[in-house]
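>>> no FASTA, just this:
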């Protein structure tokens, strides 16, 4: 989930209608992009996806997998606008609290009809506390959704109901101007109830996977490759221009770049793996690299229950000792901006940030004060964990050196395979972890909501009643300026208590082959969508 820049040629988004809002009621890649008359697109996603289940997807890699295999009520087009997808017509009440989705005729990949009940089932499944979806909170805009997720209400109380097979009615707590953007997000995708209840592991194998998206999961050789085939049951199949997508899982981005240069891949780089940092200067000079800023933040998370990071002054000392400018200029080199707050520039309340980059004098002072408060004269060994990536490794090595030079810290850096990394973070079995957050929609609540409680995507064990109170006030505030002020106060608390150390705001960079007419659609949030790929 970490996680962007416009490389797509400006083709029309899709034949889907603009979202209506009416008031009242084994081999890593084939040898060629065209095999036996098929149009084939070949990419590398870097690592094994954690899931192909929309209710469990919570990282950039699995998110792109899920968006390839599923379609929501709405979907973002290449024009950056939200368009109708499974929903053919959408009615919104005058008070903005009731959404009625009228579904078009569409089918699952196994031929079953997609119904309103499939959406109701999927949303309540994600909210079920026993299901433990990291993204359950994305549904909390719905009436009684949070209450059900926290065991204070029943599934029948949740404000989503299939009126009939083609009509879904949704009741919201407060007017939510970005709700149709949310319904294009993976947690809001439907799930085939019959399939999911018959086999709890239905989403983890190609033979049992059932989706309703532009492609089907034809083959999944775990930790090796994925093959997608165009879904003949997809309602918008006329606008899916590629027959097959071959997906490699090569963690070494130098190897992936070599494969691209040798013609074995049609795409290299974002959204799921970075280009090799050593190759960036030459790629920039060649003019072949495409770069786009995204609403995404790269940061380090501190586990505040693991010493010495149970002390706020020590957390701040470690954050202030980081030289962000040096990292973006010498390591990243593709226009990233040092992050002095958590919210990215597209939604920043305080664009100047909340602290000074590389403030070594203050860092040393805070470290000394924090150690006195903990009653220690020497820092314990520190470990930073990150998932396999050349870029993550170089950043960790730079920060390891900076912390040694400024704070005298003995820092070990540990590289973990992606799924092991995610499990370790979810179990909060770490001191410092590499983290990233890519916006799901362009609003501060999407970033700040992460830290409402000690679960889901918040692996720091930090929470604050005052912080939550401000977010609750913001959710009910109709004045946009006052709402942003409340978000600013909440972000101030986050930066004062520093459970996370923001490092930089992302850009995404990639290369696409000369035979690619329309590549992976990369939106301003850094999401990659394979639906719109087209080969020359």
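Perfect, thanks for sending it. Model, not experiment: these values are computed from the prediction.

>>> How about residue 271: what's its closest non-neighbour residue?
residue 528 (3.6 Å; Cβ to Cβ, 6 or more residues apart in numbering). For the C-beta atoms, the positions are set from N, CA and C on the backbone; glycine is no exception.

>>> can you map out the strands along the stretch 301-450 of the chain?
337-338, 382-387, 411-416, 432-438 (DSSP state E, counting those that start in this stretch).

>>> which one of the ones you listed is the most hemmed in?
strand 432-438 (a mean of 24; mean count of other Cβ atoms under 10 Å).

>>> now it: how far from the chain's centre is it?
11 Å (Cα atoms, centre = their mean, to the nearest Å).

>>> now the angle from that strand to strand 411-416?
Strand 432-438 and strand 411-416 are oriented at 60 degrees to each other (axes from the mean of the first three to the mean of the last three Cα atoms, to 10 degrees).

>>> In contact with residue 265, which residues?
Contacts for residue 265 (Cβ atoms under 8 Å, 6 or more residues apart in numbering) come out as 29, 42-44, 248, 256, 259, 513.

>>> what would those residues look like in CSV with neighbour count, distance to residue 443 and secondary structure?
Compiled in CSV, these are given as follows (neighbours: other Cβ atoms under 10 Å; distance: Cβ to Cβ, whole Å; DSSP: H, G, I helix; E, B strand; the rest coil):
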residue, neighbour count, distance to residue 443, secondary structure
29, 22, 38, coil
42, 23, 35, strand
43, 29, 30, strand
44, 28, 32, strand
248, 20, 35, strand
256, 27, 34, helix
259, 18, 38, helix
513, 17, 35, coil
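
>>> Need the max-distance pair from those residues.
248 and 513 (14.3 Å; Cβ to Cβ).

>>> Kindly indicate which of the contacts of residue 265 lies nearest residue 63.
residue 43 (14.6 Å).

>>> Just give me the neighbour total for the closest residue to that closest one other than its chain neighbours.
Once flanking residues are discounted, residue 43 sits nearest to residue 267: 4.6 Å by Cβ to Cβ, 6+ apart. Number of residues near residue 267 (other Cβ atoms under 10 Å) recorded here: 23.

>>> try residue 124
20.

>>> try residue 366
Counted with other Cβ under 10 Å, residue 366 comes out at 24.

>>> any idea how far residue 314 is from it?
Using Cβ to Cβ, to the nearest Å, residue 366 is found at 7 Å from residue 314.

>>> before we move on, back to that, got a markdown table for the contacts of residue 265, with distance to residue 168 and pLDDT too?
Shown next, in a markdown table, are the contacts of residue 265 (distance: Cβ to Cβ, whole Å; pLDDT from 0 to 100):
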| residue | distance to residue 168 | pLDDT |
| --- | --- | --- |
| 29 | 40 | 43 |
| 42 | 37 | 98 |
| 43 | 33 | 97 |
| 44 | 37 | 97 |
| 248 | 38 | 97 |
| 256 | 41 | 96 |
| 259 | 44 | 97 |
| 513 | 41 | 96 |
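
>>> so which of the residues you listed comes closest to residue 146?
Taking those together and measuring to residue 146 by Cβ to Cβ, the closest member is residue 43, at 37.2 Å.

>>> any idea how far stretch 169-188 is from the chain center?
Worked out by Cα atoms, centre = their mean, stretch 169-188 lies 17 Å from the chain centre.

>>> could you give me the average pLDDT of it?
For stretch 169-188, mean pLDDT rounds to 94.

>>> and what of stretch 148-165?
97.

>>> Spatially nearest residue to residue 67 (excluding sequence neighbours)?
residue 529 (5.6 Å).

>>> If that neighbour is in a bridge, with which residues?
residue 521 (DSSP bridges).

>>> For it, report the pLDDT, please.
So, for residue 529, pLDDT stands at 96.

>>> For it, give me its contacts.
Taking Cβ under 8 Å, 6+ apart as the test, what residue 529 contacts is 64, 67-68, 75-76, 520-521, 523.

>>> Now, those residues that are in strands?
Residues of the contacts of residue 529 located in strands (DSSP state E): 75-76, 521.

>>> Restricted to buried residues, select those in ChimeraX.
Burial among the ones in strands among the contacts of residue 529 is assessed by 16 or more other Cβ atoms under 10 Å; the matching ChimeraX selection reads:
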select :75,76,521
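
>>> can you list the ones in strands among the contacts of residue 529 in a markdown table and add pLDDT?
As requested, the ones in strands among the contacts of residue 529 are exported to a markdown table (pLDDT from 0 to 100):
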| residue | pLDDT |
| --- | --- |
| 75 | 97 |
| 76 | 95 |
| 521 | 94 |
